[in-house]
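[1] Quick one, what's the 3D model for this:
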Amino acid sequence: MNANNSVQLIIYLDSNTETARAIKDRYLGGNDMCCPDLGIFQITNTVELQKSIISPQPFMLEKLVSKILTYLSGKLRHSQVDKRVALVEQTIALSHPDDFTPKNLAEKVYLSESRLRSLFKEVTGISLHRYYLSSKIRIAINHIMMGNSIKDAAIRAGFTDASHLQKMMLKHYGISPSRFIKEKLMSADLILDSRPLWLETTVS
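    Predicted structure coming up:
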């Protein structure tokens, strides 16, 4: 699926389960589709989210999906987060790395660069640079999944070349682009009923 450089998490639920009924009652109101106000960064921490996207493991994905469903079903209220950090995370997640710098990110939230870096690390547990790098890797992976070569994907994501992308993926996620292609790009046949529970979410 061409997701326009975004990462898509699609969850199918049995509409007869307690969780599905709770979500339908809370959001759908007889409609087939809705856009719940789901702030993903208020449900899971940045480290967990990035690892789930770049190098998914079954237990990690299960934990993430469980958090999302628990929140959507109304059983969990999100904790208070620093709105400045959330805005920076959202900007990085939804923009190409070439479209911003640490300086204009800091200006966006009315902080100095040093204060933003300190606050970001304090709130998320990882550095601003690491999060920025993860975003570049995510964009490269999206391009790979869309059929681009590793070299083209690396350049489009802002890396100097394919070897730079490979080095960063191995260092931070323990998987090379070629191994990712071999192990992660697997398709599966899904059988759905005529009216699957359909939710669309955005980072808010």
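[2] Kindly provide the distance from H164 to T124.
    24 Å (Cβ to Cβ, to the nearest Å). Bear in mind the C-beta positions are built from the backbone N, C-alpha and C, glycine included.
[3] of these two, who's got more company?
    A direct count of neighbours by other Cβ atoms under 10 Å for H164 and T124 places T124 higher, at 23 against 16.
[4] which residues touch D14?
    A20 (Cβ atoms under 8 Å, 6 or more residues apart in numbering).
[5] now do the one 4 residues further on
    Neighbour list for E18: empty [criterion: Cβ under 8 Å, 6+ apart].
[6] And stretch 59-71, what's buried?
    Neighbour counts using 16 or more other Cβ atoms under 10 Å place L64, K67, I68, L69, Y71 of stretch 59-71 among the buried residues.
[7] average model confidence for that stretch?
    Throughout stretch 59-71, pLDDT has a mean value of 79.
[8] As CSV, could you dump the C-alpha coordinates of that stretch?
    The C-alpha trace of stretch 59-71 is given here as CSV (Å, rounded to 0.1, in the frame of the first residue of the first chain):
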residue,chain,number,x,y,z
PHE,A,59,5.4,-9.3,21.9
MET,A,60,6.2,-5.6,21.2
LEU,A,61,3.5,-5.2,18.6
GLU,A,62,1.0,-7.1,20.8
LYS,A,63,1.8,-4.7,23.7
LEU,A,64,1.4,-1.6,21.4
VAL,A,65,-1.9,-2.9,19.9
SER,A,66,-3.2,-3.7,23.4
LYS,A,67,-2.5,-0.2,24.6
ILE,A,68,-4.3,1.3,21.6
LEU,A,69,-7.3,-0.9,22.0
THR,A,70,-7.5,-0.3,25.7
TYR,A,71,-7.4,3.4,25.1
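[9] ok, so of the buried residues of stretch 59-71, who is nearest E183?
    Set against E183, the nearest of those by Cβ to Cβ is L64 (19.3 Å).
[10] Quick check, that closest one in contact with T44.
    Yes - the criterion here is Cβ atoms under 8 Å, and L64 meets it with T44 at 5.9 Å.
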